[in-house]
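Asks: Pasting a predicted model and its sequence here:
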Amino acid sequence: MQKIENYINGELVAPQSGEYLDNYEAATGKIYSLIPQSNQQDLELAVEAAQAAQKEWAEMPAEQRSNLLLKLADAIDSASDDLARAEAIDNGKPITFAKAVDSYRSAANIRFFANAATQFASESHSMGSVGVNYTLREPIGIVGCISPWNLPLYLFTWKIAPALATGNCVIAKPSEVTPMTAYLFSKLCIDVGIPKGVINILHGTGPSIGGPIVEHQKIKAISFTGGSATGKHIASIAAPMLKKTSLELGGKNPTLVFADCDFESTVSEVARAAFSNQGQICLCGSRIYIERPIYEKFKQALVAKVEKLRIGDPLDESTQHGALVSRSHMEKVLSYIELAQQEGGDILCGGKQVSVPGRCEEGYFVAPTVIENLPLACRTNQEEIFGPVCTLQPFDSDDEAISLANGTEYGLATSVWSNNIKRCHRLSRELDFGIVWLNTWLLRDLRTPFGGVKSSGVGREGGLEAMRFFTEAKNVCVKY
Ligand SMILES: NC(=O)C1=CN([C@@H]2O[C@H](COP(=O)(O)OP(=O)(O)OC[C@H]3O[C@@H](n4cnc5c(N)ncnc54)[C@H](O)[C@@H]3O)[C@@H](O)[C@H]2O)C=CC1
Ligand SMILES: O=C(O)/C=C/C=C(\O)C(=O)O
């Protein structure tokens, strides 16, 4: 059985406790590798290594740091097929998706911030004949990056890339549910010669190693993506320690479809928004509101499209809908489908676990599910399910659409589908979300601020926001 190892001080090492957790292949339900259960002792070694590496990494000319990161991005590209396969096995996502989305974005994240390192500049404020101020943007020191299981290497690199580009050393913890690509990534760091101690990767559960990372006095900032409950817990520990936090949390994202949309392409994109990655993206549009005149026609077209999604072995190139990430997550999703029916919802398609014959018959598959006849004020429409489940509801006016869209505790992302440009812009102002997509979904430009409002998080990732998060601004005031 393959044993995953921690990456500390430039070396692959076993956990100090000698304890390992089982790692399951999502599509078969079988254990296929072992994950280190790291603890405080491993963390102390990682912090020591990061401290020793910090000064040299921070003082390295930006171009040199950038070149090392560019090599790392190239190495991810070269390993793209292997990484995609590993992601498909660990997470259950279709291999074609893993290659086009996960592998592609993992390299793009590192490359983007490698380039940002050489472009980052700071302000100066002239006081005329009196003097001048200039701002130094200095690395924070050692930072913690904690990432989830839905887009494993994609979100792992999205955090560590800006941290490294700005001269910090990193202690990173991937999700214990999908550790494999972070492990493969640590081997790439060794291959390209990332200086030892600059990146340290500790595997294990939240309580065993995530908590200690958040609590460590020498780790000065935490970037976290995951569930809102975990994010709130992390904030409660970090806040009294006056630690900087960036929290990218859950969503219950509305999709607003108007009668004047481009019908066919909107049906396809709304289905993609709801079911990409088996609905396990924090940005997925799981509450679909449709203007009443096209409600029935849109519903039928959407259900027809969703019923055609090919459910199957994630390693099969023709599969469009893979397995959910774990048994416990599948059970959570199925329990929400049951709840939806108790709340009066009607299932239009899906609604159940699926057995994929052959090697995947014990896998965690749930058919893409569309539900209607539920009001806004029910748990199905208020709580994050994070799976292949969406609800449909008609609306009669722009104002009603806005009020439905804004009517949950979440505020991550929304999409609006209409050819009325004035309406699109007016709604963008009224919608209480960090991201508004107009006639598109998940069209990403890595320079843009990324994150949510309300229970969807605090702070923004991406572009300059991330470079600023991972640096301390120091004002230097000169009197002439
Ligand atoms: N990207 C997103 O928005 C995500 C949302 N979720 C939501 O959260 C629900 C629960 O999923 P989980 O896997 O349990 O997510 P989670 O929020 O527990 O896990 C995310 C990361 O945080 C770590 N973690 C857990 N407890 C921690 C603690 N006390 N201190 C520090 N780190 C900790 C985990 O080990 C993992 O690396 C999902 O059903 C979904 O609704 C989950 C994953 C990603
Ligand atoms: O940066 C992106 O393009 C997407 C990020 C997705 C998440 O943060 C998520 O699903 O948690």
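Replies: Received, thanks. Ligands and ions are numbered 1, 2, ... in the order given.
Asks: and the residue in the stretch 301-450 of the chain positioned nearest to ligand 2, what does it touch?
Replies: Ligand 2 sits closest to R444 of the stretch 301-450 of the chain, with a gap of 4.5 Å, by C-beta to the nearest ligand atom. Where C-beta positions appear, they are placed from N, C-alpha and C, glycine not excepted. Going by C-beta atoms under 8 Å, 6 or more residues apart in numbering, R444 touches R105.
Asks: what does G279 give?
Replies: Contacts of G279 (C-beta under 8 Å, 6+ apart): S286, P368, I385, F386, G387, P388, V389, C390.
Asks: Kindly state the pLDDT recorded for it?
Replies: What the model reports as pLDDT for G279 is 98.
Asks: going forward can the numbers begin at 26, since that is how I track them
Replies: I'll keep to 26 as the first residue from here, and by that count the last item is G304.
Asks: still on that earlier bit, pick the one among the contacts of G304 closest to E44.
Replies: Lowest distance from E44 to those (C-beta to C-beta) belongs to F411, with 28.4 Å.
Asks: doesn't G275 make contact with that closest one?
Replies: Yes: shown here, F411 and G275 form a contact pair, counting by C-beta atoms under 8 Å, at 7.2 Å.
Asks: Name the residues contacting each of these two.
Replies: Between them, F411 and G275 share the contacting residues C307, judged by C-beta under 8 Å, 6+ apart.
Asks: Please save the CA atoms from stretch 418-425 in CSV.
Replies: Output in CSV follows, covering the C-alpha atoms of stretch 418-425 (Å, rounded to 0.1, in the frame of the first residue of the first chain):
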residue,chain,number,x,y,z
GLN,A,418,-38.4,28.2,-8.6
PRO,A,419,-40.3,30.7,-10.8
PHE,A,420,-40.2,34.5,-10.3
ASP,A,421,-42.3,37.4,-11.7
SER,A,422,-40.2,40.5,-11.5
ASP,A,423,-36.6,41.8,-11.2
ASP,A,424,-37.3,42.8,-7.6
GLU,A,425,-38.6,39.4,-6.7
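Asks: what's next to it, contact-wise?
Replies: 281, 312-317, 320, 397, 399-401, 406, 426, 429, 448, 451-452.
Asks: In strands only, show me those.
Replies: Of the contacts of stretch 418-425, the ones assigned to strands by DSSP state E are L281, R312, I313, Y314, I315, E316, E397.
Asks: tell me which residues form a beta bridge with the first one?
Replies: In other words, L281. Here L281 sits in beta bridges with Y314, V441, going by DSSP bridges.
Asks: Do I have it right that C194 meets E81?
Replies: No: look at C194 against E81 with C-beta under 8 Å: they stay out of range, at 9.8 Å.
Asks: Between those two, tell me which one has more neighbours.
Replies: Between C194 and E81, counting by other C-beta atoms under 10 Å, C194 is the more crowded of the two (29 against 13).
Asks: Residue in the stretch 76-225 of the chain with the shortest distance to ligand 2?
Replies: Checked against ligand 2 (C-beta to the nearest ligand atom), the nearest residue in the stretch 76-225 of the chain is N175, 5.1 Å away.
Asks: In contact with that residue: list those residues for me.
Replies: Counting by C-beta under 8 Å, 6+ apart, N175 touches N116, N302, Q305, I306, C307, V350, F411.
Asks: Residue of the stretch 226-375 of the chain closest to ligand 2, please.
Replies: Nearest residue of the stretch 226-375 of the chain to ligand 2: C307, at 3.5 Å (C-beta to the nearest ligand atom).
Asks: pLDDT wise, what is E84 at?
Replies: 97.
Asks: Using the three-state scheme, assign the spatially most central residue of the chain.
Replies: In the chain, the residue lying closest to the centroid (C-alpha atoms, centre = their mean) is L180, at 4.7 Å. State at L180, reduced to three classes by DSSP: H, G, I helix; E, B strand; the rest coil: helix.
Asks: so what's it closest to, chain neighbours aside?
Replies: Sequence neighbours aside, S172 is the residue nearest to L180 in space, at 4.5 Å (criterion: C-beta to C-beta, 6 or more residues apart in numbering).
Asks: Check which helices and strands the helix or strand harbouring A78 sits against.
Replies: Counting by DSSP states H and E, the element that carries A78 is helix 65-84. Secondary-structure packing of helix 65-84 (3 or more C-beta pairs under 8 Å, 6 or more residues apart in numbering; DSSP states H and E): strand 31-33, strand 156-164, strand 167-171, strand 194-198, strand 224-226, helix 236-240.
Asks: how about 7 Å then?
Replies: strand 31-33, strand 167-171, strand 194-198, strand 224-226, helix 236-240 (3 or more C-beta pairs under 7 Å, 6 or more residues apart in numbering; DSSP states H and E).
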